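Peer 1: Need a 3D model of the following:
(2 chains)
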Amino acid sequence: MNGGRRIGSVEKRGAEFQITLDGREVSAYAGETIATVLLAEGDIILRRTSKEDKPRSVFCGIGICFDCLVTVNGVPNQRACMTLARPGCAVTRQRVFSRGAGEKRG
Amino acid sequence: MKEVQLAIVGAGPAALSAAVQAAKLGVSSIVLDENPQLGGQIYRQPAFKIVDEEQRGKHYREGKQILADVARFSDKIDVSNDSLVWGYFGQKELAVLHNGRPELLKAQQLLIATGAYDRPIPFPGWTLPGVFTAGGVQIMIKSQRVLPGGRFLLAGSGPLQLAVADQLLEAGAKVVAVVEATSTMRMMRSLPSLLRQPGLVFEGFNYITKFSLHRVPYIRSHVIVRALGSERVEQAVIAAVDENWEPLAGTERTFDADAICLGYGLIPNIDLTRLCGCAHEYNHTLGGWKPTHNEHMESTVPGVFVAGDGCGIGGVYVAIQQGKLAAIYGANNLGLLDDSAADKLAKPIRSKLSALQKFEMALGELYSLENGIYTLATDDTVICRCEEVKLRDIREAIHSGASHVDDIKRRTRSGMGYCQGRMCGSSLQGIVESELNLRPEDAGHLKSRLPIKPVPITALLDLWESV
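Peer 2: Numbering: from 1, shown residues only, chains lettered A, B, ... in the order given. Presented below is the predicted three-dimensional model:
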């Protein structure tokens, strides 16, 4: 289900560039946070929790709750809502694909 | 170590008006803020050029004006974005992570204007993707121009959710309902005191009229009781509440929604004032725990000032005036302004402030949180989102003798995760109060520990080497 989307036409945004999201290339626009790119893609599940394997997304949106943690260029636990997307940056969601895999508590 | 006359933490209305006022009095300041842009939450400017500027609302325009003032005094105001203040070591020494690099800063005077955040209210399903805070959704719409869902249900208490619903409608989203916990009766009782600011009351009625045009139900005396969905929000269940905000059996209604927006008022962000050792007091109407301050806006630690929502929720106009007062008495402490000159300058500001505060107090009382809201969580509801501590664990801790939120933290790990208790602290307090019938002062507040937000250990090593 894709609920999220950008408001208005993308021509009114900053310069377009590509970032990767779990290895897949997606468009981002200068000034957007990583959370925005993910929400606009409709990928609202940003990680799974370590104890109970529950899905989480952006919650507070202002850098307080630390629920939207993602890995950016290999550095884990970055807040997607506070981190600007930059050309070429590689974003990986944490534990989203690892249900039952060895990485689970990593 | 870098030294500065006045360090200001935060970059919202209180911080920026203080910086400008200080500059006018000849004080050099540094504005330290974690965000990549100035403005705090309310003045958050769009991340890109917006063509229809006139449509952006008065806070946007006022924010633009104050940002222009800051730019005008660029010789006096050093703006440091991407600067997370994570530690305080006494003597007004701050540990800062600036663009990922550690810095130490020594200030002669310090102003903490760290604002507020949405009060988290736990209920079954509140950790599902698609549940957002009202403040967060507002930033997504006005600054990032992104809609995190298609069908929104808003639930909470207070005027912010009216504004958010309006912005969602403007952005083309479907709003399935706006759910307000406060009863119509309570609203009517407060109306006379709210009419001190007829403009704002009018704004409220305007929103409600607009909702009826868009066929958005505005449902009073109700709260959200559950969010349903397997991997993300699919439905929201609401119920009528009594005067204590406890849900009434047999009144549930279900809405299809893929996004839920929660706005139960704001709580002051007091991590840093706690860390500085400032005395705090509990004021339910002003958002809960807040640093104690005198009429100079100086906390109980000499030279440490507070202003804005971080010292009690008062809104943007109160914040602006408080910021000015803090700057005046900071300059006074620095010897740039004698006592009588400072008092003279402060007098008109103080009278403006007191008029504004009367309205804000009435608003705060009208939408004041009732403790029944903490009965929504069930044993299986997560209270501490970071450590996944459930109400069951917290109740067990209470039954085995914990009677203070810090006790619960030690026994359950609630509040020990990444967010450092910002998400669960107020709930723990509400739960302890209800379970043990305590006053908030006795239930207490989680201790603030440095680093107040996570800092990479490599940054600490770099700092170690540089000292």
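
Peer 1: sec struct for the residue in chain B positioned nearest to chain A, please.
Peer 2: Here the residue of chain B nearest chain A is B:Gly136; by Cβ to the nearest Cβ that distance is 2.3 Å. Where C-beta positions appear, they are placed from N, C-alpha and C, glycine not excepted. At B:Gly136 the chain is in helix, as set by DSSP: H, G, I helix; E, B strand; the rest coil.

Peer 1: who's in contact with the most centrally placed residue in chain B?
Peer 2: Most central in chain B under Cα atoms, centre = their mean is B:Ala116, positioned 1.8 Å from the mean C-alpha point. Neighbouring residues of B:Ala116 by Cβ atoms under 8 Å, 6 or more residues apart in numbering or on different chains: B:266-269, B:287, B:309-310, B:313.

Peer 1: quick one, phi psi at residue 78?
Peer 2: No chain specified, so I'll use chain A. Phi and psi for A:Gln78, reported as degrees, to the nearest 10, are phi -90, psi 140.

Peer 1: ah, I was thinking of chain B
Peer 2: phi -100, psi 110.

Peer 1: Which element, helix or strand, includes the residue nearest to it when sequence neighbours are not counted?
Peer 2: Once flanking residues are discounted, B:Asp78 sits nearest to B:Ile30: 4.3 Å by Cβ to Cβ, 6 or more residues apart in numbering or on different chains. Applying DSSP states H and E as the criterion places B:Ile30 in strand B:29-32.

Peer 1: same question, B:Phe255
Peer 2: strand B:253-256.

Peer 1: if you look at that strand, does any of it touch chain A?
Peer 2: No. Contact of strand B:253-256 with chain A (Cβ under 8 Å from any Cβ of the partner chain) is absent, the minimum separation being 11.8 Å.

Peer 1: What is the end-to-end distance of stretch A:27-36?
Peer 2: 11 Å (Cα to Cα, to the nearest Å).

Peer 1: same thing with stretch B:130-145?
Peer 2: So stretch B:130-145: terminal residues 17 Å apart, Cα to Cα.

Peer 1: What is the distance between it and the centre of its chain?
Peer 2: Centroid separation for stretch B:130-145 versus its chain: 14 Å, with Cα atoms, centre = their mean, to the nearest Å.

Peer 1: okay, B:Gly277: pLDDT?
Peer 2: Per-residue pLDDT puts B:Gly277 at 96.

Peer 1: Just list the residues touching it, thanks.
Peer 2: B:Val301.

Peer 1: Which ChimeraX command selects the buried ones in the contacts of B:Ala116?
Peer 2: Applying 16 or more other Cβ atoms under 10 Å in any protein chain shown to the contacts of B:Ala116, the buried members can be selected in ChimeraX as follows:
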select /B:266,267,268,269,287,309,310,313
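
Peer 1: Please narrow the contacts of B:Ala116 to those residing in strands.
Peer 2: Among the contacts of B:Ala116, DSSP state E puts B:266-268 in strands.

Peer 1: how about the helices in chain B?
Peer 2: Ranges of helices in chain B, per DSSP state H, are B:13-24, B:58-72, B:134-139, B:160-170, B:184-194, B:198-213, B:271-275, B:315-333, B:339-366, B:391-399, B:405-412, B:425-436, B:440-443, B:457-466.

Peer 1: Save those as JSON lines, and put in mean neighbour count too.
Peer 2: Converted to JSON lines, the helices of chain B look like this (neighbours: other Cβ atoms under 10 Å in any protein chain shown):
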{"stretch": "helix B:13-24", "mean neighbour count": "28"}
{"stretch": "helix B:58-72", "mean neighbour count": "16"}
{"stretch": "helix B:134-139", "mean neighbour count": "26"}
{"stretch": "helix B:160-170", "mean neighbour count": "22"}
{"stretch": "helix B:184-194", "mean neighbour count": "13"}
{"stretch": "helix B:198-213", "mean neighbour count": "13"}
{"stretch": "helix B:271-275", "mean neighbour count": "24"}
{"stretch": "helix B:315-333", "mean neighbour count": "26"}
{"stretch": "helix B:339-366", "mean neighbour count": "16"}
{"stretch": "helix B:391-399", "mean neighbour count": "18"}
{"stretch": "helix B:405-412", "mean neighbour count": "21"}
{"stretch": "helix B:425-436", "mean neighbour count": "22"}
{"stretch": "helix B:440-443", "mean neighbour count": "16"}
{"stretch": "helix B:457-466", "mean neighbour count": "12"}
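
Peer 1: what's the closest of those to A:Thr71?
Peer 2: Closest to A:Thr71 of the helices of chain B is helix B:457-466 (Cβ to Cβ; 16.2 Å).

Peer 1: which residues sit against that closest one?
Peer 2: In contact with helix B:457-466 (Cβ under 8 Å, 6+ apart) are residues B:95, B:97, B:100-102, B:104.

Peer 1: Which residue, other than its chain neighbours, is closest to whichever residue of chain A sits closest to chain B?
Peer 2: At 2.3 Å from chain B, A:Gly61 is the closest residue in chain A, using Cβ to the nearest Cβ. Once flanking residues are discounted, A:Gly61 sits nearest to B:Gly136: 2.3 Å by Cβ to Cβ, 6+ apart.

Peer 1: Quick check: that neighbour touching A:Gly63?
Peer 2: No. The criterion here is Cβ atoms under 8 Å, and B:Gly136 misses it with A:Gly63 at 9.7 Å.

Peer 1: returning to that earlier point: hmm, the residue of chain A closest to chain B is touching A:Thr36, no?
Peer 2: No. If you go by Cβ under 8 Å, A:Gly61 and A:Thr36 don't touch, sitting 9.9 Å apart.

Peer 1: quick one: which of these two has more around it?
Peer 2: Using other Cβ atoms under 10 Å in any protein chain shown, the more surrounded residue of A:Gly61 and A:Thr36 is A:Gly61, with 32 against 28.

Peer 1: Now do the SS call for the more buried one.
Peer 2: What three-state DSSP gives for A:Gly61 is coil.

Peer 1: mind listing what it touches?
Peer 2: By Cβ under 8 Å, 6+ apart, the contact list for A:Gly61 reads A:35, A:81, B:132-133, B:135-137, B:139-140.

Peer 1: Swap in 7 Å and give it another go.
Peer 2: A:81, B:132-133, B:135-137, B:139-140 (Cβ atoms under 7 Å, 6 or more residues apart in numbering or on different chains).

Peer 1: any chance of the residues you listed in CSV, with distance to B:Thr412 too?
Peer 2: Shown next, in CSV, are the contacts of A:Gly61 (distance: Cβ to Cβ, whole Å):
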residue, distance to B:Thr412
A:Cys81, 27
B:Phe132, 26
B:Thr133, 24
B:Gly135, 27
B:Gly136, 26
B:Val137, 30
B:Ile139, 31
B:Met140, 32
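
Peer 1: burial of A:Thr33, as a residue count?
Peer 2: By the measure other Cβ under 10 Å, the count of residues near A:Thr33 is 27.

Peer 1: Across the sheet, point out what pairs with it.
Peer 2: As for beta bridges, A:Thr33 partners with A:Leu84 under DSSP bridges.
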